[in-house]
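**Student:** Compute the structure for the input listed below.
(chains A, B, C and D)
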Number of protein chains: 2
Amino acid sequence: MSRTEHVVAAGVLKIGEVAERAGVSVRALRYYEEQGLLRTVRTSAGHRLFEETAVDRVQFFQQLYAAGLTSGNIAQLLPCVDSGHTDREQRAMLHEQRARLRGRLDDVAAAIARLDTVIAATDTHP
Amino acid sequence: MSRTEHVVAAGVLKIGEVAERAGVSVRALRYYEEQGLLRTVRTSAGHRLFEETAVDRVQFFQQLYAAGLTSGNIAQLLPCVDSGHTDREQRAMLHEQRARLRGRLDDVAAAIARLDTVIAATDTHP
DNA sequence: CTTGACCCTGACGCCGACGTCAGGTCCTAG
DNA sequence: CTAGGACCTGACGTCGGCGTCAGGGTCAAG
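**Tutor:** A predicted model of the protein is given here:
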């Protein structure tokens, strides 16, 4: 049994596998751990082991990074996501982050509008 | 006459005035010039003189920066904005930039949606 | 036993948009 | 004449999210 390449244990992944499945670099994963975004367990040899859920988690990070959040921001959000419950301070923070994202959304929309006027003006004057 | 603090000439501004009106730092303006985003004329003493239109231009830059464009991107856009006409290559570039911004818009919207689910889940479980 | 694929820990490099400090010039007011 | 404010040119510092290199373990296959 255990024919799937070097299975350490069920539902447990080595860093290279997580990287491949999540589509990020090994370096990035080490960085995320360093920033407190991913927890790992170590083998006796010091190799990191991740839970399978890490893959989805990492893709979640990618979305937030792409939206302009920092590791620090994400680190603040995670306890809320994980525990499913929040204190007053955390809720305030969540709403603040949301507001910041709304601001970014408006910025991007405004920029698109500006671009569109340029495009419209120039497309008609070849 | 000429009671308005040190007027050099009509429609011409010194760097500090542009900074104040546009709400950016003097350093930022020098940087924009360095990147080819702003043209200036020099007094005999080497001081920069800007046209009044620089103020609006700088605020335009701020919008684009806020939307995630780089100085290089803006430098590419400017000739189109200024001349009001474009060649095929420039038009392709404009459409590409627009597509990139659309991507960002979607990213931010997705992130907001994720946040909202977290907020919804946690607001109901105090 | 050796090879090769992975894994590890530092630690330095990079890019972009400025901040900041040093050292000097210019100009106007008192 | 002097003081102060605004301007100038380098040039180095910063922060974030990794890339990348150096030097070295681990481990299953041949």
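
**Student:** which ones are touching the residue positioned nearest the centre of chain A?
**Tutor:** The centroid of chain A falls nearest to residue A:61 when counting by Cα atoms, centre = their mean (0.3 Å). Residues in contact with residue A:61 (Cβ atoms under 8 Å, 6 or more residues apart in numbering or on different chains) are A:32, A:37, A:74. Just so you know, the C-beta spots here come from the backbone N, C-alpha and C atoms, and that holds for glycine as well.

**Student:** from these, which ones fall inside helices?
**Tutor:** Judged by DSSP state H, the contacts of residue A:61 include A:32, A:74 as members of helices.

**Student:** Can you name the residue of chain A nearest to DNA strand C?
**Tutor:** residue A:16 (2.5 Å; Cβ to the nearest atom of the strand).

**Student:** Please point out which parts of the longest helix along chain A sit buried.
**Tutor:** Identified as the longest helix of chain A according to DSSP H is helix A:88-123. Judged by neighbour count (16 or more other Cβ atoms under 10 Å in any protein chain shown), helix A:88-123 contains these buried residues: A:90-91, A:93-94, A:97-98, A:101, A:104-105, A:107-108, A:111-112, A:114-115, A:118-119, A:122.

**Student:** coming back round to it: any figure for the gap between the residue nearest to the centre of chain A and chain B?
**Tutor:** The gap separating residue A:61 from chain B is 11 Å, by Cβ to the nearest Cβ, to the nearest Å.

**Student:** Quick check: which element contains that residue?
**Tutor:** Assigned by DSSP states H and E, residue A:61 belongs to helix A:53-66.
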